[in-house]
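**Q** here is my input, please return the structure:
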Amino acid sequence: MSALLELRSVGISFGGLRAVDQLSFSVAEGQIVGLIGPNGAGKTTVFNLITGVYRPTNGEILWQGSRITGLRPHRVAALGIRRTFQTIRLFAEMSVFENVRAGCHLGVRQHWWQGVLQLPAQRREEAELAERTHAVLRRLQLETHANDLAVSLPYGLQRRVELARTLVGEPKLVILDEPAAGLNDAESEALNETILGVRASGITVLLVEHDMNVVMKVSDHIVVLNFGRLIAEGDAVAIRDNSAVIEAYLGREDEEAAA
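**A** All right, here's what the predicted structure looks like:
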């Protein structure tokens, strides 16, 4: 499988702190790749480097073989890389449909003045975007809530609305930052099916998640960080039995005590 996204010796420092250090890994097209590690391992920093929020101190980031290191977030998003966030960021006064429809903004071709004049091209585009929005709502089983105020929904459904807003932009790669945070067991199981469905629709997934049940069940490949450095990568079985991973999560003393 060809590498859709590749990090080569990427690092970043904040003052004297080396948050990410010489990190190299790739995400193949069509994969679900889990990025895991203890608290403070640098996972969200890696997401911010990929999406242009931070500029690396060293190294390079490649997208479909082309260098995107240091591109601004809107330019990265326009390439087909979209992300969710650890904390839900819905528009409080907008419906579910309106929140999801907002994710189409980078694909809008018409100018504001064409909307004011209600020109035929603008009306056609609006109809296309509305249908795309409804299609994503159907896929994520949200269409019955289309007219509900998004923030009035249960927490698990709000998470799904945020994912729908990301998917409606038709990304090639979706980056999920802690999508299971705050979910109960049943909601986490539903999330597993949703993530697998995203991959089945042809979208590659990069997933940061603390819930190991989610990561182990859905990931084709797992990358493990500790203190900003790569300490292991492989499939779920290899990662579960890796001594460096066990030590990073449990600590050497706990590991020896368990033995």
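**Q** report the rounded mean pLDDT for stretch 14-33.
**A** Averaged across stretch 14-33, the pLDDT comes to 94.
**Q** now do stretch 249-259
**A** 53.
**Q** likewise stretch 131-147?
**A** Here the average pLDDT along stretch 131-147 is 94.
**Q** how far is that stretch from where the chain is centred?
**A** 20 Å (CA atoms, centre = their mean, to the nearest Å).
**Q** kindly report the same for stretch 173-191.
**A** For stretch 173-191, the distance to the chain centre is 11 Å (CA atoms, centre = their mean).
**Q** then stretch 148-167?
**A** Worked out by CA atoms, centre = their mean, stretch 148-167 lies 15 Å from the chain centre.
**Q** name the residues that touch that stretch?
**A** Outside stretch 148-167, the residues within contact range by CB atoms under 8 Å, 6 or more residues apart in numbering are 82-85, 88-96, 98-100, 102-103, 136-137, 139-142, 145, 174, 176, 179, 182-184, 187, 190-191, 194, 198, 203. (Each C-beta comes from the backbone N, C-alpha and C, glycine too.)
**Q** show me the residues you listed that map onto helices.
**A** In this view, the contacts of stretch 148-167 that belong to helices under DSSP state H are V96, E98, N99, V100, V136, L137, R139, E187, A190, L191, T194, V198.
**Q** which among those count as buried?
**A** V96, E98, N99, V100, V136, L137, R139, E187, A190, L191, T194, V198 (16 or more other CB atoms under 10 Å).
**Q** just the pLDDT at the last one, thanks.
**A** Per-residue pLDDT puts V198 at 94.
**Q** tell me which residues touch it, please.
**A** Neighbouring residues of V198 by CB under 8 Å, 6+ apart: L163, L167, V174, V205.
**Q** between those, which is nearest E233?
**A** Of all the contacts of V198, V205 has the smallest distance to E233: 16.0 Å, by CB to CB.
**Q** got phi/psi on the nearest residue to that closest one once chain neighbours are set aside?
**A** When the adjacent residues along the chain are set aside, V205 lies closest to I32, with 4.4 Å between them (CB to CB, 6 or more residues apart in numbering). Here is the backbone geometry of I32 (degrees, to the nearest 10): phi -110, psi 110.
**Q** G156 now?
**A** Main-chain torsions, G156, degrees, to the nearest 10: phi -60, psi -40.
**Q** can you tell me how far it is from G59?
**A** 37 Å (CB to CB, to the nearest Å).
**Q** now do S188
**A** 34 Å.
**Q** A244 now?
**A** Going from A244 to G59 by CB to CB gives 22 Å.
**Q** swap in Q158?
**A** The gap separating Q158 from G59 is 36 Å, by CB to CB.
**Q** could you list the low-pLDDT ranges of the stretch 101-250 of the chain?
**A** 105-123 (pLDDT under 70).
**Q** care to break the chain down by domain?
**A** Here the domain parsing of the chain from automatic domain parsing is 1-80+171-259, 92-169.
**Q** once you drop chain neighbours, what's closest to the most centrally placed residue in the chain?
**A** Ranked by distance to the mean C-alpha position of the chain (CA atoms, centre = their mean), the top residue is I175 at 1.6 Å. Once flanking residues are discounted, I175 sits nearest to R83: 3.9 Å by CB to CB, 6+ apart.
**Q** what helix or strand does the closest residue to R240 other than its chain neighbours sit in?
**A** Nearest in space to R240, with sequence neighbours left out and distances taken as CB to CB, 6+ apart, is M216 at 6.9 Å. Using DSSP states H and E, M216 sits within helix 212-218.
**Q** which residues touch that helix?
**A** 32, 34, 36, 179-180, 188, 191-192, 195-196, 205, 207, 209, 222, 236, 239-240.
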